[in-house]
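J.: No sequence on hand, only this structure:
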């Protein structure tokens, strides 16, 4: 039988302006045979913060979330929520709301009954329960779907009800395990924005796992990029994009050119132009500079030293592939209205903009 | 158009013929049983045998072995279904949730009784039942342990189909994250969603237990089929009527099974 808890009593124990609590994962390790899903993961989430974990398949992001939820046991390490060590606490007593990748509404219950389920387990009086369910369904704008079963709702509606169900119990932490990946593109964007709106409204500390970088960058206060069971970088979306700490992050988040350059102290000479380097860059010698397509200016120039390969109209922007005299392919982002002025075979001049970039020693590059 | 219409007509005739033959195959013995149990001594028809079968007072006084058999089979049916459900539903759910690698092994074990003839099963069970008799007595009700083994393949298949139709892992994890303990997960989340499968497994078990003769007979225990067999030595008509009544009961149970749990999913999901 679950312990009797009430949302109000939980709320009183929380800190911060919203209802969020701090979450700390310390040196978490989890292996499946020879595969290290988590390899000493350490992560701090501030009260009320929305953190997204991003990474390729198998990087350990879902395992991290499941360990936090108590659905997986860590081989070692510690999980703390609100300063309390909950490493050994069972899932049912962790007080976390979770929205899953797969549709998880209980099929034999209506939307109302689904949202009510967690409140019943907490022995909330019927009147308060009904009011809370109405509030939650109102929050996700599905009040008129209260009496529908899961099979009578679309995927997006089901995930919104799942979100309402997770929030109804006023969880200490909200866990989102790729909740949008089964939805079509338009609904995904709508629901993504809705999740952020609701999270800001209720102020619950949130951990969001996704492999979609646009999703992560759009909604999170901070984004953690994971690789091989550990965090490569945890930073604000802007810093992650503009100031990648490692070549992996630079490669994984957004599009990146990898171009030969010569490094001298804190700058690199690239296509005849000096570019400032980010901290963590190599300091001397031959290197590769990881530079964003929008950091390369393109001008039509019959005497230019690069040749256009393709120029593509992408809707809000344009994309141009050019090949340099040394044979390197360069991707540049250009205005959508100038795309049409470039044709394959045109000569162009490519000039890096003075935005800081990351440089890795040529011998380190793989 | 003409050859097509002719082909359709031929196919239709073929279908009707096949259905009629199969119907005849099943109906002929039943009709023969009805005919046999309604024969009057001097020619003509009578329902006396059926009236006797449903006359509790007469059965109690004149055919106590039938009453004993019916009661024993009722008890056996109930206990077998209860043990089967308590054994299989949590085990199969747990295997799906935590030990998926064991799924094939569990399936193999559950299907094994299909390949073992009843007589071999009896030989194997004999020493076990010596201990059962020693500890629990010689009541026929303990045949339920053997019957659970007998019904395992059918019950497993029915429950497996039900559990495969839902995402057990996600539903259980969702319930757990909302604060549900394992008993709540089983009782309020898993069971309602495999209700049809549970009923199927139960009804198949009922049908099998009601028709079981070999094990009960070889262990010299009472059940309905043993009673019908004994009754056959004294009153052939009543024995056949009892057998037919058991058959009809099993048939009703099977028909009920196909109607249970099919009424809810009627609406299509709407677009976003």
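T.: Yes, it's here. Since this is a predicted model, take the numbers as computed values, not measurements. Residues are numbered from 1 along each chain as shown, chains lettered A, B, ... in the order given.

J.: In the stretch 251-366 of chain A, which residue sits nearest chain B?
T.: residue A:315 (22.7 Å; CB to the nearest CB). Bear in mind the C-beta positions are built from the backbone N, C-alpha and C, glycine included.

J.: excluding its backbone neighbours, what's nearest that residue?
T.: Closest residue to residue A:315 apart from its sequence neighbours, by CB to CB, 6 or more residues apart in numbering or on different chains: residue A:336 at 6.9 Å.

J.: list the contacts for the one you found?
T.: Residue A:336 is in contact with A:313-318, counting by CB atoms under 8 Å, 6 or more residues apart in numbering or on different chains.

J.: mind checking pLDDT for it?
T.: For residue A:336, the model assigns a pLDDT of 89.

J.: which SS class is whichever residue of the stretch 201-350 of chain A sits closest to chain B?
T.: At 12.8 Å from chain B, residue A:207 is the closest residue in the stretch 201-350 of chain A, using CB to the nearest CB. Under DSSP: H, G, I helix; E, B strand; the rest coil, residue A:207 falls in the strand class.

J.: ok, now which ones touch it?
T.: By CB under 8 Å, 6+ apart, the neighbours of residue A:207 are A:23, A:45, A:51-53, A:65, A:68, A:173-176.

J.: Mind putting those into TSV with neighbour count, distance to chain B and secondary structure?
T.: TSV is the format used below for these (neighbours: other CB atoms under 10 Å in any protein chain shown; distance: CB to the nearest CB, whole Å; DSSP: H, G, I helix; E, B strand; the rest coil):
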residue	neighbour count	distance to chain B	secondary structure
A:23	25	15	strand
A:45	24	18	strand
A:51	21	18	strand
A:52	27	19	strand
A:53	27	18	strand
A:65	22	11	helix
A:68	24	11	helix
A:173	23	10	strand
A:174	23	10	strand
A:175	25	8	strand
A:176	27	12	strand
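
J.: Is it possible to get CSV of the residues you listed that adds pLDDT?
T.: Below are these laid out as CSV (pLDDT from 0 to 100):
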residue, pLDDT
A:23, 95
A:45, 96
A:51, 96
A:52, 96
A:53, 96
A:65, 96
A:68, 96
A:173, 94
A:174, 94
A:175, 95
A:176, 95
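
J.: What is the nearest of these to residue A:361?
T.: Nearest to residue A:361 out of the contacts of residue A:207 is residue A:53 (CB to CB; 28.9 Å).

J.: can you give me phi and psi for the closest residue to residue A:163 other than its chain neighbours?
T.: In space, and not counting its chain neighbours, residue A:163 is closest to residue A:99: 5.4 Å by CB to CB, 6+ apart. Main-chain dihedrals, residue A:99, degrees, to the nearest 10: phi -120, psi 130.

J.: Counting neighbours, what do you get for residue A:99?
T.: 25 (other CB atoms under 10 Å in any protein chain shown).

J.: What's opposite it in the beta bridge?
T.: Note on residue A:99: beta-bridge partners residue A:176, judged by DSSP bridges.

J.: Run through the stretch 101-250 of chain B and note the low-pLDDT ranges.
T.: Across the stretch 101-250 of chain B, nothing is flagged by pLDDT under 70.

J.: Up against chain A, what does it have?
T.: Within the stretch 101-250 of chain B, the positions near chain A by CB under 8 Å from any CB of the partner chain are B:166-167, B:170-171, B:173-181, B:183-184, B:188-189, B:192-193.

J.: Next one: residue B:255 from chain A, what distance?
T.: Applying CB to the nearest CB, to the nearest Å, the value for residue B:255 to chain A is 24 Å.

J.: Wasn't that residue part of a strand?
T.: No - if the criterion is three-state DSSP, then residue B:255 is helix and not within a strand.

J.: Report how many residues lie close to it.
T.: For residue B:255, the neighbour count with other CB under 10 Å is 11.

J.: Now residue B:197: which helix or strand?
T.: Taking DSSP states H and E as the definition, one finds residue B:197 inside helix B:195-211.

J.: residue ranges of the helices in the stretch 51-200 of chain B, please?
T.: Here the stretch 51-200 of chain B has its helices, by DSSP state H, counting those that start in this stretch, at B:56-62, B:64-98, B:103-111, B:118-136, B:143-164, B:168-177, B:182-184, B:191-193, B:195-211.

J.: Helix, strand, or coil at residue B:217?
T.: The assignment at residue B:217 comes out as helix when based on three-state DSSP.

J.: What ranges does the stretch 201-350 of chain A have for its helices?
T.: Applying DSSP H, counting those that start in this stretch to the stretch 201-350 of chain A gives helices spanning A:213-219, A:237-242, A:247-252.

J.: ok, and what's touching the last one?
T.: By CB under 8 Å, 6+ apart, the surrounding residues in contact with helix A:247-252 are A:54-56, A:213, A:225, A:227, A:232-233, A:240, A:244, A:256, A:258, A:288, A:290, A:358, A:360, A:365.

J.: Go again with 10 Å.
T.: Outside helix A:247-252, the residues within contact range by CB atoms under 10 Å, 6 or more residues apart in numbering or on different chains are A:54-56, A:59, A:213, A:223, A:225-228, A:232-233, A:235, A:240-241, A:243-244, A:246, A:256-258, A:278, A:280-281, A:288-292, A:357-360, A:364-366.
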